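In: compute the structure for the input listed below.
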Amino acid sequence: MDGEPRRMLHVEEAMGTVFSLDVREVPEADRPRVRAALDGAAAWLHRVDELFSTWRADSQISRLHRGELDVSQCDADVRDVLRLAEEADRLSDGWFSVRYAGQLDPTGLVKGWAVERAAQMLASAGAGSVCVNGGGDIQTHGGPWRVGIADPLCAGELAAVVETRDELAVATSGPAERGCHILDPYTGAPPADPLASVTVVCRSLTDADAWATAACAMGAERARPWLQRLPGAAAFAVTSDGTTWQTSGFARYDAAMYV
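Out: Residues are numbered from 1 along each chain as shown. The predicted structure is shown next:
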């Protein structure tokens, strides 16, 4: 935690990545409650890893995949995530999938869902402005906040900057950091026209995470019209040759609009 009177920071390593929890505009009377919420949010992220990690043999997702558990025997949070995954599958016409090469893997939305819940915990505790960043996927409450979208083809550079002044989520998917890990669920191969990255902006990071994953799986040609039709969402993409495009709603979040 830092010493600023109205700001509190926490960094936590969990789920194979780093989470930063930044809360501002904390009234003095609410500081003990917000501090407890920060501790609770950090514990929550580790609990999510215990339930959903595909690398842990004892996680409920791993046990469910091996047939050692039935869905009805799983934690309520596991059932909730699987329900959300079904909704994302339906909305994307199957381009979002929790099964890859026979493996049950809901990580395409779990991190976003976990970050969104953590941000809600902090906002409910009394913080006037909240930003939780989990490996580049971000949920905010209040603001203003500025969120940089990394240029996937030029390390250390930004492709765009999003200005947030309310509850907002920003999720980016692509192969820049982890290589080609999002596959076409219909062929099991990388998309024929891959995007270098795609960023989705909407109110819910659960949705933004799932939709960015689905768009990457679709490839550039299918993703653009599908993202344009999504209600309440905007998108910014970088193609493999370095050109960019955005859906019609993205301009309202472009930081240049606030200069």
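In: the strands in the stretch 151-259 of the chain, which residues?
Out: For the stretch 151-259 of the chain, the strands defined by DSSP state E, counting those that start in this stretch occupy 158-164, 168-173, 195-202, 234-239, 244-246.
In: which residues does the shortest one contact?
Out: Where contact means Cβ atoms under 8 Å, 6 or more residues apart in numbering, the residues beyond strand 244-246 that reach it are 159-160, 224, 234-239. The way it works is simple: take the backbone N, C-alpha and C, and place the C-beta from them, glycine included.
In: can you give me the mean pLDDT across stretch 17-31?
Out: For stretch 17-31, mean pLDDT is 92.
In: ok, and for it, which residues are buried?
Out: 19, 21-24, 26, 30-31 (16 or more other Cβ atoms under 10 Å).
In: including distance to residue 11 and secondary structure, could these go into a markdown table?
Out: Shown next, in a markdown table, are the buried residues of stretch 17-31 (distance: Cβ to Cβ, whole Å; DSSP: H, G, I helix; E, B strand; the rest coil):
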| residue | distance to residue 11 | secondary structure |
| --- | --- | --- |
| 19 | 7 | strand |
| 21 | 8 | strand |
| 22 | 9 | strand |
| 23 | 13 | strand |
| 24 | 16 | strand |
| 26 | 17 | coil |
| 30 | 21 | helix |
| 31 | 18 | helix |
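In: distance to residue 65 added to those residues, as CSV?
Out: Converted to CSV, the buried residues of stretch 17-31 look like this (distance: Cβ to Cβ, whole Å):
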residue, distance to residue 65
19, 25
21, 31
22, 35
23, 36
24, 41
26, 41
30, 42
31, 43
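In: which one of the residues you listed is nearest to residue 185?
Out: residue 19 (28.0 Å; Cβ to Cβ).
In: contact partners for the closest one?
Out: Counted by Cβ under 8 Å, 6+ apart, residue 19 has contacts 11-13, 42, 45, 115, 118, 132-135.
In: likewise for residue 115?
Out: Counted by Cβ under 8 Å, 6+ apart, residue 115 has contacts 19, 132-134, 137-139, 205.
In: what about those residues, which are in helices?
Out: Among the contacts of residue 115, the ones falling in helices (DSSP state H) are residue 205.
In: most neighbours, which of the contacts of residue 115?
Out: Using other Cβ atoms under 10 Å as the neighbour test, those are led by residue 139, with 32 neighbours.
In: OK, contacts around that residue?
Out: Counting by Cβ under 8 Å, 6+ apart, residue 139 has contacts 112, 115-116, 118-119, 130-132, 167-169, 205.
In: how far away is it from residue 43?
Out: 18 Å (Cβ to Cβ, to the nearest Å).
In: what residue lies at the spatial centre of this protein?
Out: residue 112 (3.2 Å; Cα atoms, centre = their mean).
In: wouldn't that one be in contact with residue 202 here?
Out: No. With contact defined as Cβ atoms under 8 Å, residue 112 does not count as touching residue 202 (10.6 Å).
In: number of residues surrounding residue 119?
Out: The burial count for residue 119: 26, using other Cβ under 10 Å.
In: residue contacts, it?
Out: Under the criterion of Cβ under 8 Å, 6+ apart, the neighbours of residue 119 are 130-132, 139-141, 205.
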